[in-house]
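Asks: I'll drop the sequence and a predicted model, then ask my questions.
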Protein chains: 2
Amino acid sequence: MAEPTSDQRSPVWGGRGTEPAAVDRFYSVIPAGGIGSRLWPLSRADAPKFLHDLTGSGQTLLKETWDRLAPISGDQRVMVVTGRAHRAAVEEQLPLLQDHNVVLESEPKDSSAAIGLAAAILERREPGVIIGSFAADHVIGDIRRFRRAIVEAIAVADAGYIATVGILPTEPSIGFGYIKRGTPLAVPGAPSALLVERFVEKPDLETARGYLDSDDYFWNASMFIARADVLLAEMAKTEPELVAGLQRLAEAWDTDDRGAVVDRVWPSLKKVAIDYSVAEPAAKAGRLAVVQGDFPWDDVGDFASIAKLQSGGRGSDLAILGAHARVLADSSSGIVVSDSARLITLIGVEDIVVVDTADALLVTTSAHAQRVKSVVDALKLSGRTDVL
Amino acid sequence: MAEPTSDQRSPVWGGRGTEPAAVDRFYSVIPAGGIGSRLWPLSRADAPKFLHDLTGSGQTLLKETWDRLAPISGDQRVMVVTGRAHRAAVEEQLPLLQDHNVVLESEPKDSSAAIGLAAAILERREPGVIIGSFAADHVIGDIRRFRRAIVEAIAVADAGYIATVGILPTEPSIGFGYIKRGTPLAVPGAPSALLVERFVEKPDLETARGYLDSDDYFWNASMFIARADVLLAEMAKTEPELVAGLQRLAEAWDTDDRGAVVDRVWPSLKKVAIDYSVAEPAAKAGRLAVVQGDFPWDDVGDFASIAKLQSGGRGSDLAILGAHARVLADSSSGIVVSDSARLITLIGVEDIVVVDTADALLVTTSAHAQRVKSVVDALKLSGRTDVL
């Protein structure tokens, strides 16, 4: 584990215009794993959230993620970690994705394993590499500002910290985790960088209002930018067996042994979120930094947030999503998501959420959109997996 | 036109137990024509309301209508007037329906033509026949009481009146027409018979409350029982050309000329509801009687009334209709009508109406269920007839 040193904090400008040279060592990692249960029945095991167009842009969230990252790291330097079942869909979405940048999971093992494996493989291929991990299924509104924040985070990572991006909250959201800001960091090229005081789980509304008023909290956008060796060293402090397994995998990855080692090691890996294995302990140890993300961001966690994104916040509107949507609405507001060619008619329903797919229909309201996950859980329990 | 005479009022008891012999001259007529626009997208041009099971009984409304009437008139004595397009479906539903009791309309001409043609054909085949016309798509809750009312109405018809059945209102409905009671009629075998003072169109809520409180009004259930010659004579007073056309059709009906005469005459017939051509003028002239129907009745005019029927009036319930319905509901009330095998999930929606069919979906509320018809009108206007 390399502790931050004054040497590493030195700015080295150059490369792409005014950006630090460290950007040249940057590699994007996109863990594309989660199904997005709260977006059922649109999101499914075989059609996860990142393979949908949830903004009406005509692009999947995965493709939009690529389009944000590839200009920073270069097309050759974007790695996607995904399930075997999604390989074909991912490669169809990302025609420039290179074969050696596709990391396939034989089964989901949560974010520490996914991001940690990418880090271990890339560090072995390219010692000193700086990786940035970004969810495949978030929405970001201003690519220029996003890039500016990531370039700051790269400078912070180059200085030996684990960096995250804190989004400036615009409302007292109870759907996101929060990051409490600590003292400023004097990292050249990263004027907004601060130490992170702590990570906070999703709060209740009153607490969220307090966070918003205090100006001391950011939204946690699950972005992590760090030197691969720094990230793995931090993870090894809390999860040494996991990291040892990841190193065994990385060692075999670019050899003929990959298949055998994956079959032996991957199933044994511990499932743990990177928030717990890396971010929280690093925050406690003063090694987690945050740069300010002053761009619109949403994790599109449920249909209510899609409705809000679509309507630009105007509650009186009816948002319609779906390339072939046929909707006839009379005095209705909310959102219709159509994954079928059926005619959908709404009369006099307010704040409604209608999600229409070939084999399942959901009708709820914006206020209850978070409860969709419990329905998915109920379906799992009752064995009705044909629609999951 | 035979005016009521004292002779015709004489009771002739006998035949089926204690019922009047006139029951032996009774013929049931079922005009099965209306699509039921307010039940779209369940009801369609090719799947009208009467071909659906709207009560969860496992039977179509048409079959239930048959099952109520055939025991009164006999299987051999039930005539169905329907559109050519529905012939196969009607015959499938009613396997005991005889060929000569199927009257096919080449195009819809409203109730005066449909019932008048049945009357003219039957009077020609069997002079003195008493016909009773009953909608194919209403719901009746107590067959024993229904039969008692119809037997009373037959006695009244035998006495030369045109009889209708007035339903005792149970709430201030604004969805039904009303019948104002007049003076009692001393017809033997029909103790509840009264003259009708007037027919009233659907009232507003305040007026409907006044009707309910006054005890002077019945719901109009669109049942007409009369001697065929009396009915035609009454119709001829207001619509002589229509009746002349119907008589030409009836004359040719059981001959080889039927096809040619239908092609020539039917398209020329005036479209007019029997309420206007017969019931209202007969009421004014003191020739319309009403017998009391003390049985549950509903015209199932919209999805709200189906929900009410299904839940027994309990608003907190979720009614589910559809032989293959798969519904998962969490804190929701209203009605789901499923004409598909799709899984329908409701979360936190109250008084909701969800109607799910292969090519169209409707989401509305009980309070807006009447507005479905305007959507159908809008679809017609915009040429989207594929889903009508």
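Replies: Yes, it's here. Numbers count the residues shown, from 1 in each chain, chains lettered A, B, ... in the order given.

Asks: so what's residue A:129 up against?
Replies: A:25-27, A:122-123, A:227-228 (Cβ atoms under 8 Å, 6 or more residues apart in numbering or on different chains). Every residue, glycine included, has its C-beta placed from N, CA and C.

Asks: so which two of these are the farthest from each other?
Replies: Maximum pairwise distance in those, criterion Cβ to Cβ, is 13.4 Å, between A:26 and A:123.

Asks: Which residues lie in contact with the residue in the stretch 1-150 of chain A positioned nearest to chain B in this structure?
Replies: Per Cβ to the nearest Cβ, residue A:41 is where the stretch 1-150 of chain A lies closest to chain B, at 7.4 Å. By Cβ under 8 Å, 6+ apart, residue A:41 lies in contact with A:355, A:357, A:359-362, A:387, B:343, B:345.

Asks: phi, psi of it?
Replies: Backbone geometry at residue A:41, expressed as degrees, to the nearest 10, gives phi -90, psi 10.

Asks: which one is it nearest to, not counting chain neighbours?
Replies: residue A:360 (3.7 Å; Cβ to Cβ, 6 or more residues apart in numbering or on different chains).

Asks: and that neighbour, how far is that from residue B:99?
Replies: 45 Å (Cβ to Cβ, to the nearest Å).

Asks: Flag every residue of the stretch 251-388 of chain A that's near chain B.
Replies: Within the stretch 251-388 of chain A, the positions adjacent to chain B are A:328, A:330-331, A:341-349, A:352, A:354, A:356, A:358-365, A:367-368, A:371-372, A:374-375, A:378-379, A:384, A:387 by Cβ under 8 Å from any Cβ of the partner chain.

Asks: In terms of helices and strands, where is residue A:225?
Replies: Using DSSP states H and E, the element containing residue A:225 is strand A:217-227.

Asks: how about that strand as CSV, C-alpha atoms only?
Replies: Only the C-alpha atoms of strand A:217-227 are listed here, as CSV (Å, rounded to 0.1, in the frame of the first residue of the first chain):
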residue,chain,number,x,y,z
TYR,A,217,-22.9,16.3,2.3
PHE,A,218,-22.7,15.0,-1.2
TRP,A,219,-24.6,12.3,-2.9
ASN,A,220,-22.6,9.1,-3.3
ALA,A,221,-22.5,8.3,-7.0
SER,A,222,-20.5,5.0,-6.6
MET,A,223,-17.6,6.3,-8.6
PHE,A,224,-14.2,5.2,-7.4
ILE,A,225,-10.9,6.4,-9.0
ALA,A,226,-7.7,5.1,-7.6
ARG,A,227,-4.3,3.6,-8.6
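
Asks: Can you pull the phi/psi pair for the residue nearest to the spatial centre of chain A?
Replies: Centroid-nearest residue in chain A: residue A:135, 1.8 Å away (criterion: Cα atoms, centre = their mean). Backbone torsions for residue A:135, taken as degrees, to the nearest 10, come to phi -60, psi 150.

Asks: so who does the closest residue to it other than its chain neighbours touch?
Replies: In space, and not counting its chain neighbours, residue A:135 is closest to residue A:222: 5.2 Å by Cβ to Cβ, 6+ apart. For residue A:222, the contact set (Cβ under 8 Å, 6+ apart) comprises A:133-135, A:138, A:275, A:299.

Asks: roughly how far apart are residue A:222 and residue A:141?
Replies: According to Cβ to Cβ, residue A:222 stands 17 Å off from residue A:141.

Asks: And for residue A:295?
Replies: 6 Å.

Asks: Comparing the two, which shows the higher neighbour count?
Replies: residue A:295 (19 against 12; other Cβ atoms under 10 Å in any protein chain shown).
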